[in-house]
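In: fold the stuff below for me.
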Amino acid sequence: MIGVVVGRFGRPEVLREVVRVFWEARSSGLSDEVAAEAAGLSVTAARGIVRQHGGVDPSITPPCGRYLSFDERELIAVWRAEGCNVREIGRRLGRSASTISRELGRNVRNGGQRPYLASAAQNRAQKLARRPKARKLASNEALALYVAGMLTARERLSPEQISVRLRIDFPDDESMRISPETIYQCIYIQGRGGLRAELSAALRTGRAVRQPNRRAGMRKPRVPKELLISERPAEADDRAVPGHWEGDLIIGTPGTGAIGTLVERTSRFVMLLHLPNGHTGEQVLAAIQETLPTLPAHLRRSLTWDQGAEMVGIHDRVKIATGAEVYFCDPHSPWQRGTNENTNGLLRQYFPKGMDLTAVTPEDLDYAAAGLNGRLRKTLGWKTPAQALQQILEESAA
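Out: Okay, here's the model as predicted:
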């Protein structure tokens, strides 16, 4: 296989240069599969490298030219087999004869009975070149015990919080200092970091292997460009034309029950979706089909949602069921649905955070919706959303 040398007992070891190329590609945002192809590795070998290093870049520096490379060792093996002496090989490589002589002398096999083998020589050189450095938590037991305790304590502090807490608890002890990155690496690189493997479960992500950051250009878009909020009609932005809605979910504890909120941008009129048993795409679709089509068609022009999975997978079916064009906000941009976000805050007066929403009934939702739609709004000239919507309906009927 390309990029692999056979080590002792026939066990293959990946070349350091190949590992470096793979990790550079992976760190640039490429997937493991694409990075493996760029480095000439199989996907299985690449994933083994990731597991070996816990997803942490081993920071292998490019070869400086001082030491023989694998390519040079292969040439030495070829020319030696052709009968070239050390001076001729050195001349061809641009190396001194003594360098070639030492290389051959170090890698004589079976007392010189077997020829010089480049892969065996490279494997031996890589092992001799290793200079493992003990990680800080592995050499400081008191610090390791403190960090492990804070990771599993009731407060479940993050590595960054632990790093700050150390300065507070040990203001005069410089040995009790550690960076958040070092803590992460000691968790991910098991067996060498000084922390137990199970402590990875104490991280909020629960991951035992670090995941690479994807560059913005590498991320696969969740929704087509033509469905982003930037493509929404201008009439929806200035609220001049009614019928443009914003939608979202509020999630209860323990996370199964939910309430869907639909807010009309012009009148601020609210409609609530009953989702006591979950908020999958199919469940949200069924609730929207039951609610939004009760309005006239001219009041169902568009619906803007965040990029949650529940809507991304059903947007085309929502359009068919309601006649409303569906648009999506940019990622992590809740202000693009400001009316909806404000409504969610008001709705929390009826259904506080931490509440189990599985027990909420349709009657509870009707009560809350009536309260919100009967609330005087300064932005509506002190009319209520219900009055504003009724005025829209009367004007469209005239």
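
In: so where do the helices sit in the stretch 1-150 of the chain?
Out: 16-27, 32-39, 43-52, 70-81, 86-93, 97-106, 118-129, 136-139, 141-152 (DSSP state H, counting those that start in this stretch).

In: repeat for the stretch 201-350 of the chain
Out: Here the stretch 201-350 of the chain has its helices, by DSSP H, counting those that start in this stretch, at 234-237, 281-291, 309-312, 315-322, 338-347.

In: okay, now residue 129: neighbour count?
Out: Residues lying near residue 129 (other CB atoms under 10 Å) number 9. Using the backbone N, CA and C atoms, a C-beta is placed for each residue, glycine as well.

In: next up, the contacts around the nearest residue to residue 182 once chain neighbours are set aside.
Out: Using CB to CB, 6 or more residues apart in numbering and skipping the chain neighbours, the partner closest in space to residue 182 is residue 136 (5.8 Å). By CB atoms under 8 Å, 6 or more residues apart in numbering, the residues touching residue 136 are 143, 178, 182, 186, 194.

In: how does this structure divide into domains?
Out: Following automatic domain parsing, the chain resolves into domains at 4-52, 70-129, 136-202, 225-397.

In: including mean pLDDT and distance to residue 60, could these go into CSV?
Out: What follows is the domains of the chain, written out as CSV (pLDDT from 0 to 100; distance: least, CB to CB, whole Å):
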stretch, mean pLDDT, distance to residue 60
domain 4-52, 73, 4
domain 70-129, 84, 11
domain 136-202, 78, 15
domain 225-397, 91, 33
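
In: among the contacts of residue 136, which ones are in helices?
Out: 143, 182, 186 (DSSP state H).

In: most neighbours of all those residues, which one?
Out: Highest count within the ones in helices among the contacts of residue 136 by other CB under 10 Å belongs to residue 186, 25 neighbours.

In: between the helices of the stretch 1-150 of the chain, which gets nearest to residue 300?
Out: Nearest of the helices of the stretch 1-150 of the chain to residue 300, taken as CB to CB: helix 32-39 at 43.0 Å.

In: got the contact list for that closest one?
Out: Here helix 32-39 has contacts from 3, 18-19, 21-23, 25-26, 30, 42-43, 45-47, 50, using CB under 8 Å, 6+ apart.

In: and residue 32, how far from residue 20?
Out: Taking CB to CB, to the nearest Å as the measure, residue 32 falls 15 Å from residue 20.

In: residue 241 now?
Out: Separation of residue 241 from residue 20 (CB to CB): 58 Å.

In: ok, those two, which is more surrounded?
Out: Counted by other CB under 10 Å, residue 241 and residue 20 do not tie: residue 20 has more neighbours, with 18 against 15.

In: not counting sequence-adjacent ones, nearest residue to that one?
Out: residue 60 (4.0 Å).

In: that neighbour and residue 45, how far apart?
Out: Residue 60 is 16 Å from residue 45, by CB to CB.

In: those two - which one has more neighbours?
Out: Applying other CB under 10 Å to residue 60 and residue 45 shows that residue 45 carries more neighbours, namely 20 against 15.

In: the more buried one touches residue 14, doesn't it?
Out: Yes. Using CB atoms under 8 Å, residue 45 is in contact with residue 14, at 6.3 Å.

In: pretty sure residue 126 contacts residue 14?
Out: No. Using CB under 8 Å, residue 126 is not in contact with residue 14; the gap is 9.4 Å.

In: so these two - more neighbours on which side?
Out: Set side by side, residue 126 and residue 14 show more neighbours around residue 14, with 21 against 18, by other CB under 10 Å.

In: the more buried one pairs with what?
Out: Beta-bridge pairing for residue 14 (DSSP bridges): residue 4.

In: do you know how far it is from residue 38?
Out: According to CB to CB, residue 14 and residue 38 sit 14 Å apart.

In: now the strands for the stretch 101-250 of the chain?
Out: Ranges of strands within the stretch 101-250 of the chain are 244-251, based on DSSP state E, counting those that start in this stretch.

In: residue 395: neighbour count?
Out: Counted with other CB under 10 Å, residues neighbouring residue 395 total 9.

In: you'd agree it is in a strand?
Out: No. Residue 395: not assigned to a strand; according to DSSP: H, G, I helix; E, B strand; the rest coil it is helix.

In: what sits against it?
Out: Residue 395 makes contact with no residue, according to CB under 8 Å, 6+ apart.

In: endpoints of stretch 374-381, how far apart?
Out: 14 Å (CA to CA, to the nearest Å).

In: and that stretch, which residues are buried?
Out: 377, 380 (16 or more other CB atoms under 10 Å).

In: show me how far it is from its chain's centre.
Out: Relative to the chain's own centre, stretch 374-381 is displaced by 42 Å; criterion: CA atoms, centre = their mean, to the nearest Å.

In: contacts for it, please.
Out: In contact with stretch 374-381 (CB under 8 Å, 6+ apart) are residues 267-268, 346, 382-388.

In: so who does residue 272 touch?
Out: Applying CB under 8 Å, 6+ apart to residue 272 gives the contacts 259-262, 291, 347, 365-366, 368-369.

In: report the buried members of the residues you listed.
Out: 259-262, 291, 347, 365, 368-369.

In: could those residues go into CSV alongside distance to residue 325?
Out: Putting these into CSV (distance: CB to CB, whole Å) gives the following:
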residue, distance to residue 325
259, 24
260, 18
261, 19
262, 15
291, 17
347, 25
365, 26
368, 28
369, 24
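
In: mind picking the two most distant members of those?
Out: Using CB to CB, the pair of these lying farthest apart is 291 and 347, separated by 15.2 Å.

In: one step back: turn the contacts of residue 136 into a markdown table, including distance to residue 116.
Out: Listed next are the contacts of residue 136 as a markdown table, based on distance: CB to CB, whole Å:
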| residue | distance to residue 116 |
| --- | --- |
| 143 | 47 |
| 178 | 46 |
| 182 | 42 |
| 186 | 41 |
| 194 | 41 |
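
In: tell me which of these is nearest to residue 236?
Out: Using CB to CB, the shortest approach to residue 236 within the contacts of residue 136 belongs to residue 182, at 49.4 Å.

In: do you know how far that closest one is from residue 144?
Out: Distance from residue 182 to residue 144, counting by CB to CB: 11 Å.

In: joint contacts of the two?
Out: With CB under 8 Å, 6+ apart as the test, residue 182 and residue 144 both reach residue 137.
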